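[1] Mind looking at a prediction? Sequence and model below.
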Amino acid sequence: MAMAKPISIEVWNPSGKYRVVSTKSMPGMRWIRLLTDNDCRLEICTEPKTILSVDDILALIGDRCDGVIGQLTEDWGEVLFSALKRAGGTAFSNMAVGYNNVDVEAANRNGIAVGNTPGVLTETTAELAASLTLAAARRIVEADQFMRAGLYDGWLPHLFVGNLLKGQTVGVIGAGRIGSAYARMMIEGFKMNLIYYDLYQATRLEKFVTAYGEFLKANGEQPVTWKRAATMEDVLREADVISLHPVLDKTTYHLINPERLAIMKKEAILVNASRGPVIDEAALVEHLKANPMFRVGLDVFEDEPYMKPGLADMKNAVVVPHIASASKWTREGMSTLAALNVLGKIKGYPVWGNPNQVEPFLNENATPPPACPSIVNAKQLGLPSAKL
Ligand SMILES: NC(=O)c1ccc[n+]([C@@H]2O[C@H](COP(=O)([O-])OP(=O)(O)OC[C@H]3O[C@@H](n4cnc5c(N)ncnc54)[C@H](O)[C@@H]3O)[C@@H](O)[C@H]2O)c1
Ligand SMILES: O=C(O)[C@H](O)CO
């Protein structure tokens, strides 16, 4: 194997007993303090390139490394997990809730715990999906470009007419933490009706819509309604706005394909703040070309950082660079949870019993519980669970 080239790092607490590597600088200082106050020597990669290769990360792991905090842009598979094991490591955490970039079976084979950061980005991500929905419905980006180009010469009845959301149907595919938060925003904020598809029943979401519908009715307004669809196709046929929030795995790869695009309403809005490959993006570009009233809001792309040819030219697409979780509070929280996953495993702490209730780890003014907030392969590795 070729010798990995040296890579630039910033070192915190050089005499710390445990060597922890972070492949990127992350927001906030609390995660750094938590590691350095707990006897970790922290090495943060300061390489200017955005996406590190497997060789870059091998060089960072080196001969001795207890744990790594990594990013969703990195390919964590057998090569990296076996290198981490050889270096004496036992812990890895993605700084992300999604971990489709991680081969969890390879981690299991090498006895490495895999952490993720659920819960702390739910509302922030749902708010961005809601923003994309509004931007697409009301043609905000097109209108902004029109203003800046000096083309506005007075109010006109037909100027940038878009879609009214009130009373329309919002379709959610993947009604987990983020999908449910998004649904609530659209229902409560814009009085939309809900149709959703998930492998599991979203009982709390259903109860919320029922209660809100009753509240509206009691106030003499049209109540909102909900429906759990038997098939994804039912959502695609019925909804005016469809937002995608499932995990990316083999059941959701190219979930939106030419056949499914064809059954959607011609003036529907499609939003994706989950993972790019959930949509067949080349097929989407063709659909956008053929259906100028169909609009899309995308935070994620099939071949990030690239867009499929033609997408950038489409006026009916709003595109942003994977920023759905980018609020200061969330990004600092993600850094904290990722650091605590790695620290907790190194210290031999148990795994927190409920990864949806991570607030106790986020309080700036309190010592976090002695536990790993979220380890996705805890069961496979037989890790003990913390009593809540
Ligand atoms: N764009 C971003 O910056 C950003 C930010 C956060 C999360 N995400 C993505 O969003 C995903 C969801 O996050 P979450 O915290 O809501 O996770 P979650 O586990 O709470 O929700 C995912 C939901 O998808 C459902 N699901 C799984 N397979 C399905 C299928 N085949 N069809 C329909 N539903 C299916 C699950 O049952 C679950 O309810 C993450 O895995 C991540 O990839 C993206
Ligand atoms: O999965 C995630 O957490 C996002 O894509 C980044 O916030």
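    In hand now; what should we look at? Just so we're clear, the structure is a prediction, and the values are computed from it rather than from any experiment. Ligands and ions are numbered 1, 2, ... in the order given.

[2] Pull out the buried positions in the one helix or strand residue 332 maps to.
    When elements are assigned from DSSP states H and E, residue 332 belongs to helix 328-347. Neighbour counts over helix 328-347 (16 or more other Cβ atoms under 10 Å) mark 330-347 as buried. Yep, even glycine has a C-beta here, placed from its N, CA and C like the rest.

[3] Are we agreed that residue 69 is in a helix?
    No - using DSSP: H, G, I helix; E, B strand; the rest coil, the assignment for residue 69 is strand, not a helix.

[4] Isn't it up against residue 25?
    No - using Cβ atoms under 8 Å as the test, residue 69 is too far from residue 25 to be in contact (10.7 Å).

[5] OK, contacts around residue 93?
    Each residue near residue 93 by Cβ atoms under 8 Å, 6 or more residues apart in numbering is listed here: 67-70, 114-117, 337-339, 341-342.

[6] Would you verify that it is located in a strand?
    Yes - Residue 93: assigned to a strand according to three-state DSSP.

[7] From ligand 2, how far off is it?
    Here residue 93 is placed at a distance of 12 Å from ligand 2 (Cβ to the nearest ligand atom, to the nearest Å).

[8] and that residue, what are its bridge partners?
    Per DSSP bridges, the residues bridged to residue 93 are residue 69, residue 115.

[9] where does residue 12 land on pLDDT?
    Residue 12 carries a pLDDT value of 98.

[10] phi, psi of it?
    When quoted as degrees, to the nearest 10, the phi and psi of residue 12 stand at phi -120, psi 140.

[11] got a list of what it touches?
    With contact taken as Cβ under 8 Å, 6+ apart, residue 12 is in contact with 32, 35-36, 41-44.

[12] Identify the residue spatially nearest to it, adjacent ones excluded.
    If the residues on either side of it in the chain are set aside, residue 12 comes closest to residue 42, at 4.2 Å by Cβ to Cβ, 6 or more residues apart in numbering.

[13] residues touching the one you found, list them.
    11-13, 16, 20-22, 32, 35-36.

[14] Just the CA atoms of the strand or helix carrying it, as CSV, please.
    In the assignment (DSSP H and E), residue 42 maps to strand 40-45. C-alpha atoms of strand 40-45 as CSV (Å, rounded to 0.1, in the frame of the first residue of the first chain):
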residue,chain,number,x,y,z
CYS,A,40,-8.3,13.1,25.7
ARG,A,41,-5.6,14.4,23.4
LEU,A,42,-7.7,15.8,20.6
GLU,A,43,-6.4,16.1,17.1
ILE,A,44,-8.5,18.1,14.6
CYS,A,45,-7.8,17.7,10.9
